[in-house]
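> Dropping the sequence and predicted coords here.
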Amino acid sequence: MNSLYLENSIIGSLFRFFSPYFSTATRPTRFLLTWLVIAQVALQAFPSLRFLHRNFLSQVTHRCLNSYYRALQNETVTSHSLRLQTAQLACSLIPAALQNEPVFLSVDDTTVPKFGKKFDAVSLLHDHACHTGKPYVNGHCFVSLTLSVPVLNQHEGKAPLIRYLAVPVGYRMWTKEQTKLELAGDLIEEVMPLLKDRQVLLLFDSWYAKSSLIERVLQYPGLDIICNVRSDSAMYELPPLPNGKPGRPKKRGKRIHMNDFTLSWNMDGMQVGHRIVLTHICGNRRIHAYVSYTTSGSRRLFFSTLNPSDLHMSCAWQERKILRDAPAEGMDYYPLKLYKLRWAIETNYYEQKAFWSLNAYRIRRQNGI
């Protein structure tokens with residue numbers, strides 16, 4: 001069996017690629033765990049370990065089912081180590097020519113419905129997208145992190161363009177022992193040591209735009225945030241200049257609202273306004289605030305801690321037209337264009353649920369899940 005996967009080029013390549021995920025385990029355990037991953041890739045499903053063994057593993061390794069159960073109980077291989085290895089592999093995909101390009105982290109959560117109440121940490125959850133046709137579902141909530149890295153996409157007869165490859169780093173199951181904000185902060189702090197020499201932009205929606213998470217992640221000097229926020233978020237003008245009068249100077253100017261923005265820029269069919277403001281959730285930092293107005297009449301508010309002039313991105317070489325077509329006079333609005341890269345995490349959720357059995361597990365215990 002050892003000679004099979006060494007002589008076969010495809011199996012050998014898969015072993016060389018996946019074995020580093022289990023480098024801390026013993027050689028027999030690493031052998032079994034790597035075959036588990038190859039089986040999942042081959043069958044494109046993982047409803048249960050018994051399913052993998054019956055349909056694939058028993059025919060290629062001749063190891064009993066209990067051997068794989070024991071391998072999965074190995075304490076040296078943890079979800080933390082798997083996430084770190086995935087992030088390292090994603091960073092290794094960045095070519096030398098793009099080492100100075102920014103990378104993007106996206107945080108969000110997804111609901112996995114479970115038909116039964118015997119599962120650990122199962123609870124009644126609000127399904128904001130109504131994927132099941134009902135506003136509330138019984139199931140699990142997972143907070144996840146996606147790392148988007150720049151790679152070159154070669155077109156025949158044309159110069160290579162930069163596209164962003166979205167790699168799902170990992171999941172943390174919400175169990176009410178920690179808030180989803182704390183789980184998101186933990187996931188970000190796991191990968192930031194790998195990204196300390198890069199410009200990192202963190203993208204998330206309005207649910208995660210809370211001061212506890214923002215203050216926690218902005219301690220990293222190379223990290224900036226671009227996020228959607230609630231429409232009633234408090235914003236203030238910059239403090240007025242000293243007027244020579246006695247007394248403590250004001251820390252903030254007067255409060256402003258979304259209707260106070262002048263919609264002076266047309267971007268992708270939207271009217272957009274931009275101001276530099278102060279907010280409560282970002283402390284004393286000066287924030288670039290954007291208000292978008294669509295033809296349907298809806299307004300949305302976005303905050304960005306990124307100064308557009310500090311962005312290290314080769315805009316003209318981006319594969320996405322929305323990022324490539326950026327006139328110099330519109331660069332102040334560029335962070336709002338970058339927020340669209342967050343949609344990759346939603347695409348990952350769909351792919352993993354539809355094709356990779358993310359919602360098909362039948363394991364009841366938290367450790368097993």
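Perfect, thanks for sending it.
> hang on, isn't Glu190 packed against Arg83?
Yes. Between Glu190 and Arg83 there is a contact under CB atoms under 8 Å: 6.0 Å. (Glycine included, C-beta is placed from N, CA and C.)
> So for those two, which sits in the more crowded spot?
Set Glu190 next to Arg83 and count neighbours by other CB atoms under 10 Å: Arg83 wins out with 20 against 17.
> Quick one: residues contacting that one.
For Arg83, the contacting residues are 145, 169-170, 187, 190-191, by CB atoms under 8 Å, 6 or more residues apart in numbering.
> I'd like to know which of these are buried.
Burial by neighbour count, judged by 16 or more other CB atoms under 10 Å, picks out 145, 169-170, 187, 190-191 from these.
> Count the residues that sit near Cys282.
Close neighbours of Cys282, defined as other CB under 10 Å, add up to 22.
> The residue nearest to Phe104 when sequence neighbours are not counted - how many residues pack around it?
Spatial nearest neighbour of Phe104, chain neighbours left out: Ser148 (4.0 Å); criterion: CB to CB, 6 or more residues apart in numbering. Ser148: 22 surrounding residues under other CB under 10 Å.
> Quick check: Ser148 touching Pro102?
No. In this structure Ser148 lies outside contact range of Pro102 using CB under 8 Å: 9.4 Å.
> where does the chain dip in pLDDT?
Low-confidence segments of the chain, defined by pLDDT under 70: 1-8, 129-132, 157.
> Now do the helices in this protein.
Listed in chain order, the helices found in the chain under DSSP state H are 2-7, 9-18, 27-43, 49-52, 58-60, 65-72, 79-92, 180-191, 211-217, 321-324, 334-338, 343-355.
> so where do the strands sit in the stretch 151-300 of the chain?
All strands of the stretch 151-300 of the chain, identified by DSSP state E, counting those that start in this stretch, fall at 161-173, 200-204, 223-229, 235-236, 255-256, 265-267, 270-279, 286-293, 299-304.
> Parallel or antiparallel, list what pairs with the third one.
Meaning strand 223-229. Sheet pairing here is set by DSSP bridges, and for strand 223-229 it gives strand 200-204 (parallel), strand 299-304 (antiparallel).
> Output it as CSV - backbone C-alpha positions only.
This file holds the C-alpha atoms of strand 223-229, laid out as CSV (Å, rounded to 0.1, in the frame of the first residue of the first chain):
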residue,chain,number,x,y,z
LEU,A,223,-4.8,45.8,9.5
ASP,A,224,-7.6,48.1,8.4
ILE,A,225,-11.4,47.6,8.4
ILE,A,226,-14.0,48.1,5.7
CYS,A,227,-17.5,47.3,6.9
ASN,A,228,-21.1,47.9,6.5
VAL,A,229,-22.7,49.5,9.7
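> what's the angle between it and strand 286-293?
30 degrees (axes from the mean of the first three to the mean of the last three CA atoms, to 10 degrees).
> Show residues contacting strand 223-229.
192, 199-206, 208-209, 214, 217-218, 281-282, 300-306, 335-336, 338-339.
> chain center to it, what's the gap?
13 Å (CA atoms, centre = their mean, to the nearest Å).
> could you give the angle of that strand to strand 270-279?
Orientation check (the same axes, to 10 degrees): strand 223-229 against strand 270-279 gives 120 degrees.
> what's near enough to touch the spatially closest residue to Val169 that is not a sequence neighbour?
Leaving aside its chain neighbours, Val169 sits nearest to Leu145 (4.5 Å; criterion: CB to CB, 6+ apart). Contacts for Leu145 were tallied using CB under 8 Å, 6+ apart; they are 83, 105-107, 168-170, 184, 187-188, 191.
> got JSON lines for those residues, with distance to Trp343 too?
Compiled in JSON lines, the contacts of Leu145 are given as follows (distance: CB to CB, whole Å):
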{"residue": "Arg83", "distance to Trp343": "22"}
{"residue": "Leu105", "distance to Trp343": "14"}
{"residue": "Ser106", "distance to Trp343": "9"}
{"residue": "Val107", "distance to Trp343": "13"}
{"residue": "Pro168", "distance to Trp343": "14"}
{"residue": "Val169", "distance to Trp343": "17"}
{"residue": "Gly170", "distance to Trp343": "19"}
{"residue": "Ala184", "distance to Trp343": "18"}
{"residue": "Leu187", "distance to Trp343": "19"}
{"residue": "Ile188", "distance to Trp343": "19"}
{"residue": "Val191", "distance to Trp343": "20"}
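> What's the local residue count around Gly139?
22.
> give me every residue that touches it.
Gly139 neighbours (CB under 8 Å, 6+ apart): 111-114, 122-123, 125.
> Buried by neighbour count, from these: which ones?
Buried members of those, counted by 16+ other CB under 10 Å: 111-112, 114, 122, 125.
> Of those residues, which is the nearest to Ala42?
Closest approach to Ala42 among these (CB to CB): Val112, at 23.6 Å.
> pretty sure the closest one is touching Arg362, no?
No. Checked against CB under 8 Å, the pair Val112 and Arg362 is beyond contact range at 11.9 Å.
> Quick check: closest non-adjacent residue to His155.
Leu161 is the one closest to His155 (CB to CB, 6+ apart), at 6.9 Å.
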